[in-house]
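# Need coordinates for the below:
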Amino acid sequence: MPIRKLTHDDLPCASNLCMDAFMQAVAPSLSAQGVETFAKVAAAQAFAERMEGNLILVCVEDGTITGLIELKEGRHVAMLFVAPGWQRNGIGMRLMRAAMEHTRGEVVTVKASLSSVAAYEKYGFVLSGDVGEFAGLVYQPMEKRLPLMS
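Presented below is the predicted three-dimensional model:
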């Protein structure tokens, strides 16, 4: 399963994948406002706008996008989703490793949905603050210290 940068042709599929995974795993625990906020962030046009400044990688199997990770400013995981039918196959770990090759600085952060905290802990992140909320999205701040390169 190759990992590559998101292209403009991928935008509809990337948006659908994120919405499908979000609706299954995260949305049931959020308010209508939180779901609406996420839908705006995961829209194809929103991805298109963020492609210019953020690193967005996708994992592809047989021409289908099976996972996506977005790294903002080389130090913040803004999104990580694996298609519902492809979860628990190591795709998230592979995407995380690929994104970590592009990090800048000593610490990578994420505002993890509460349902994804255990997954981020497997990726080496630790809790770094109290649960917060923004526009209906509830999150747990987490961080991962990176080894210093010599």
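
# I3 reaches C59, doesn't it?
Yes. Judged on CB atoms under 8 Å, I3 makes contact with C59 at a distance of 5.1 Å. Placement of C-beta: from N, CA and C, glycine included.

# ok, the two, which is more surrounded?
When neighbours are counted by other CB atoms under 10 Å, I3 and C59 differ, and C59 comes out ahead with 24 against 16.

# avg pLDDT for the helix or strand that one falls within?
Element membership of C59, judged by DSSP states H and E, is strand 55-61. Averaged over strand 55-61, pLDDT sits at 97.

# CA-only coordinates of it in CSV, if you can.
Extracted in CSV, the C-alpha atoms of strand 55-61 (Å, rounded to 0.1, in the frame of the first residue of the first chain):
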residue,chain,number,x,y,z
LEU,A,55,1.5,18.1,4.3
ILE,A,56,-1.4,15.7,3.5
LEU,A,57,-0.5,12.1,2.9
VAL,A,58,-2.8,9.3,1.7
CYS,A,59,-2.4,5.5,1.8
VAL,A,60,-3.7,3.9,-1.4
GLU,A,61,-4.8,0.3,-2.0
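
# Please enumerate residues in contact with that strand?
If you take CB atoms under 8 Å, 6 or more residues apart in numbering as the criterion, strand 55-61 is touched by 1-6, 10, 14, 47, 50, 65-71, 74, 79, 82, 86, 91, 94-95, 98-99, 102.
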